[in-house]
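Engineer: Requesting a structural model of the entry that follows:
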Amino acid sequence: MQLFSKKKHLDTWNPDWIDKAQKGDPKSQKAIYDFLSSKMFAVCLRYMGDREQAEDILQDGFVTLFSKLDSYSGAGSFEGWARKIFVNTALMSLRKRDLLKNTEDVSEARGIEHNAPSAIENIGYRDLIKMISELPPGFRTVFNMYVIEGYSHKEIAQELGVSETTSRSQLQRARVLLQSKIKDRY
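Structural biologist: Residues are numbered from 1 along each chain as shown. Just a heads-up that it's a prediction; the model follows:
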């Protein structure tokens, strides 16, 4: 089931959509959906690693977004505010399925071989995103939160209910796995 059409993606943001959507205007809600759907789907896909699960998270995220639209204060970008909703929706789903519980401590990551980081220069964005989606859920989640979303290890630990050491370990393991995948493919 495809939830959105690439043809409907809007490139221009209209701040009036927020006020109108808060008042229940369906055209403004649709415009917000059309503007954000492809961007937020990419966020959902990065966290879930599976298209079908990402579509479910996208739908749940929009339900949450529209139900919390009145709490948007106008401070900061609307897209950034929305992104947090979709990230939190994905994290809640991962927590519910206990996919983040099977993490490894940093002590188990010590003997890992490190490759030269310059290998990433030879890879395209789509290939890199595909490789990230292939990571185990714990590695993928921490990698996304730290590298892409900019969370600190302290924030990751609080969000996921793990230690900062575990967050660092998961990031290290994710990097090593990505480097290995890149080396194998290129």
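Engineer: how many other residues sit next to residue 29?
Structural biologist: Residues lying near residue 29 (other Cβ atoms under 10 Å) number 18. Glycine gets a C-beta too; all of them are placed from N, C-alpha and C.
Engineer: What's the mean pLDDT across the helix or strand that contains residue 171?
Structural biologist: Taking DSSP states H and E as the criterion, residue 171 maps to helix 164-185. For helix 164-185, the mean pLDDT works out to 90.
Engineer: which secondary structure elements does it contact?
Structural biologist: Contact partners of helix 164-185 among helices and strands, from 3 or more Cβ pairs under 8 Å, 6 or more residues apart in numbering; DSSP states H and E: helix 125-133, helix 137-143, helix 153-160.
Engineer: give the contact list for residue 42.
Structural biologist: Shown in contact with residue 42 (Cβ atoms under 8 Å, 6 or more residues apart in numbering): residue 129.
Engineer: How much space separates it from residue 16?
Structural biologist: Distance of residue 42 to residue 16, given as Cβ to Cβ, to the nearest Å: 26 Å.
Engineer: try residue 93
Structural biologist: For residue 93, the distance to residue 16 equals 32 Å [Cβ to Cβ].
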